[in-house]
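S.K.: what shape does this take:
(chains A and B)
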Amino acid sequence: MNAVFTLARTETRLLSREWATMVFAFVFPPLTMLVIAGSFGDQPDDGFGNLIPTEFYVTGYLGVPIAAIALIGIPVILASYRERDVLRRFAAFGVPTRSVAGAQAMVGAGLVVVAALTVLAAAIPTYGIPELQRPFEVAVGFAAGTVTMLTVGVAIGLLVKSARSAQAIGLMAFFPMFLLSGSGPPPDVMSDPMRRIADLLPLTHATSAIRDPWLGDGSIAPHLIGLGVWFVIGITACGALIRRGDSAR
Amino acid sequence: MPTSPPALTVAGLRKSYGDVNVLHDVAFTVREGEIFGLLGSNGAGKTTAVETIQGLRRRDAGTISLFGLDPVTDADEIRHRHLVGAQLQTSALPDRLKVGEALRLFAALAGDLVDWRALSDRWQLAPLERRAFGALSGGQRQRLFLALALVNQPRLVFLDELTQGLDAAARRQTWELLDEVRAGGTTIVLVTHFMDEAERLCDRIGVLHEGRLSYEGRPADLVTAVGGPVHVRFRLDEPFRLDGLDRVRGVVGADVLHGSADVRCHAGACVPVIAELSRRGLAPDDLVLQRPTLEDAFVTLTNPIRPVPAPSGALIESELS
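M.R.: The predicted structure follows:
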């Protein structure tokens, strides 16, 4: 565990030099939130399940940094480490791949928290921050959503063989999830197939597990179950991919 | 160093990738405190061997003992006791990681056994501490990797093609650094295909050829066994003055071509040959003794047409058939 913390400290420094990741984590979510939240008014709307659109998006956009870091940031870094034999360098020093992946996830989690705060900071002077209805559940939902998405991101990073592939797969995963999971069009304008697909996505559950208790709109239990399923899939994939990487040599 | 206990013992090591057998029953021993060179042509299996020995690749068969421990099943103990360090043939660090950060990181991962700044000074990395890994030259990277390989003060360090890509001056500088490392008591397994490097540094060598160990022993013994004769060369305008020289014990041949004499003899016959030349009134001022090198021996050993080894040679039996 010490190795994970030691690596995480260094990785945090390295991440601060990755301007593209920083922009995507800290600028993209609040910027798009400001645009879309201002497009649907500030009165309760049937299309949003009688929620206020600005509140729907301000709280929903807390899931966007989670997705950005989990689906794009971490896979690219892990894949580039494998592609360039950085993972082997660490392995030769007795630091296994699982420790490197754990450090990446730890740094990613810290980044997610800070990036989510920037979303809220951007909302303060514009649309305001909605009143927090069930803070404990929000914390649980945020934590569960972050852990699950980061696990999926690590699995993608371990799956692909190059940074370029990781970027392509990450972007292909990110944008559909971003649009279908509550950060794009209002849910009621989506067709049934689109909604059914959205209901299966981990980001939908992460976003809903944060937004629903924040706005007092329904239970988070089904979303925690959905996240639990994705977490099991992700962690199983991570374990299998790490074993595959070891046995492939 | 025949009395030193073994640091590394490898027996019956086999490794294949799919249908391709890369290592066939490789066996050798490295004793504590020595520099053991693992030599071989490109593709001979050197890197596969040392990475398998370190537990970075899975072996198909065989036993490996690193200070009595198995590199796979006892990996945690090997790490905790800081027994092994490694510089891999191909590896990298994140491009934006600075040299000072890399040293500090690996020193911390090793439990801060050494002051990373002292290490930086020792390996002349201090001026580069703020430079990113991606901006380092090949030589600077190798120096950094060598420092990182020793940051846990290992009892045995694997160095794979350490001087690959370095210019002559940098190579000699690296050799001097390795002398220092050995003087500090660290056992070194040096993977190289530079014969001059092996001859200069290694106490003993193992020659891998097509995945099999063809020789294990002292470089000088290999040269004696298969390196060929010593050449005594000098200018000579009267070829008949060499007549009968082959009767000197140890001389295996003598001829003159275009005014240049070439007397071939065993190493022990050099002095008698020169004495005989003197007796015949020949005192050439351009006489040169050309001893066979490790490279000569290596080329002979790895050539499909095998020489007959000297009885004292430590050639592996299977290679002699």
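S.K.: give the contact list for residue B:108.
M.R.: residue A:6 (Cβ atoms under 8 Å, 6 or more residues apart in numbering or on different chains). Any C-beta I mention is one placed from the backbone N, CA and C, and that applies to glycine too.
S.K.: now do the buried residues in the lowest-mean-pLDDT helix or strand in chain A.
M.R.: Using mean pLDDT, DSSP states H and E, the weakest-scoring helix or strand in chain A turns out to be helix A:19-26, at a mean of 84. Neighbour counts using 16 or more other Cβ atoms under 10 Å in any protein chain shown place A:21, A:24, A:25, A:26 of helix A:19-26 among the buried residues.
S.K.: what's the pLDDT at residue B:67?
M.R.: Reading off the confidence values, residue B:67 has pLDDT 94.
S.K.: I misspoke; the intended subject was residue A:180.
M.R.: pLDDT, residue A:180: 93.
S.K.: in terms of helices and strands, where is the residue nearest to it when sequence neighbours are not counted?
M.R.: The shortest distance from residue A:180 to any non-neighbouring residue, by Cβ to Cβ, 6 or more residues apart in numbering or on different chains, is to residue A:198 (4.1 Å). With secondary structure defined by DSSP states H and E, residue A:198 is part of helix A:192-200.
S.K.: any idea of the angle the helix or strand that that helix is followed by forms with helix A:192-200?
M.R.: Toward the C-terminal end, the helix or strand that comes next after helix A:192-200 (DSSP H and E) is helix A:202-215. For helix A:202-215 against helix A:192-200, the angle between stretch directions is 80 degrees (axes from the mean of the first three to the mean of the last three Cα atoms, to 10 degrees).
S.K.: what's the average pLDDT for helix A:202-215?
M.R.: Regarding helix A:202-215, the rounded mean pLDDT is 96.
S.K.: what sits up against the helix holding residue A:198?
M.R.: Taking contacts as Cβ under 8 Å, 6+ apart, the residues outside helix A:192-200 that touch it are A:180, A:181, A:182, A:187, A:190, A:204.
S.K.: so which of those residues wins on neighbours?
M.R.: Across these, the neighbour count under other Cβ atoms under 10 Å in any protein chain shown reaches its highest value at residue A:182, namely 27 neighbours.
S.K.: can I get the CA coordinates of the helix holding residue A:198 in PDB?
M.R.: Taking Å, rounded to 0.1, in the frame of the first residue of the first chain, the C-alpha atoms of helix A:192-200 are listed here in PDB:
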ATOM      1  CA  ASP A 192     -37.300   4.300 -25.700                       C
ATOM      2  CA  PRO A 193     -34.300   2.400 -27.200                       C
ATOM      3  CA  MET A 194     -32.000   5.300 -26.200                       C
ATOM      4  CA  ARG A 195     -33.500   5.400 -22.700                       C
ATOM      5  CA  ARG A 196     -33.100   1.600 -22.400                       C
ATOM      6  CA  ILE A 197     -29.400   1.900 -23.500                       C
ATOM      7  CA  ALA A 198     -28.900   4.800 -21.100                       C
ATOM      8  CA  ASP A 199     -30.300   2.700 -18.200                       C
ATOM      9  CA  LEU A 200     -27.600   0.200 -18.800                       C
END
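S.K.: what's the burial count for the residue nearest to residue A:180?
M.R.: Counted with other Cβ under 10 Å, residues neighbouring residue A:198 total 22.
S.K.: same question for the one 4 residues further on.
M.R.: As a burial measure, residue A:202 scores 28 neighbours (other Cβ under 10 Å).
S.K.: quick one, helices of chain B?
M.R.: Using DSSP state H, the helices of chain B run over residues B:46-53, B:75-80, B:99-109, B:116-122, B:138-149, B:168-183, B:195-201, B:219-226, B:270-279, B:294-301, B:317-320.
S.K.: can you redo those as CSV with mean pLDDT?
M.R.: Supplementary listing: the helices of chain B in CSV, determined by pLDDT from 0 to 100:
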stretch, mean pLDDT
helix B:46-53, 93
helix B:75-80, 88
helix B:99-109, 95
helix B:116-122, 90
helix B:138-149, 88
helix B:168-183, 88
helix B:195-201, 92
helix B:219-226, 86
helix B:270-279, 91
helix B:294-301, 88
helix B:317-320, 40
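S.K.: can you say which of these is packed in most?
M.R.: helix B:46-53 (a mean of 24; mean count of other Cβ atoms under 10 Å in any protein chain shown).
S.K.: make TSV out of the contacts of helix A:192-200 and add secondary structure and distance to residue B:183.
M.R.: Conversion of these to TSV gives the following (DSSP: H, G, I helix; E, B strand; the rest coil; distance: Cβ to Cβ, whole Å):
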residue	secondary structure	distance to residue B:183
A:180	helix	65
A:181	helix	62
A:182	helix	66
A:187	helix	72
A:190	coil	72
A:204	helix	64
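S.K.: list the contacts for the closest residue to residue A:28 other than its chain neighbours?
M.R.: Once its chain neighbours are removed from consideration, residue A:28 has its nearest residue in residue A:68; the separation is 6.4 Å (Cβ to Cβ, 6+ apart). Residues in contact with residue A:68 (Cβ under 8 Å, 6+ apart) are A:24, A:25, A:28, A:29, A:115, A:174.
S.K.: am I right that residue A:68 is in a strand?
M.R.: No. Using DSSP: H, G, I helix; E, B strand; the rest coil, the assignment for residue A:68 is helix, not a strand.
S.K.: how much space separates it from chain B?
M.R.: Using Cβ to the nearest Cβ, to the nearest Å, we find residue A:68 at a distance of 20 Å from chain B.
S.K.: would you mind measuring from that residue to residue A:8?
M.R.: Applying Cβ to Cβ, to the nearest Å, the value for residue A:68 to residue A:8 is 19 Å.
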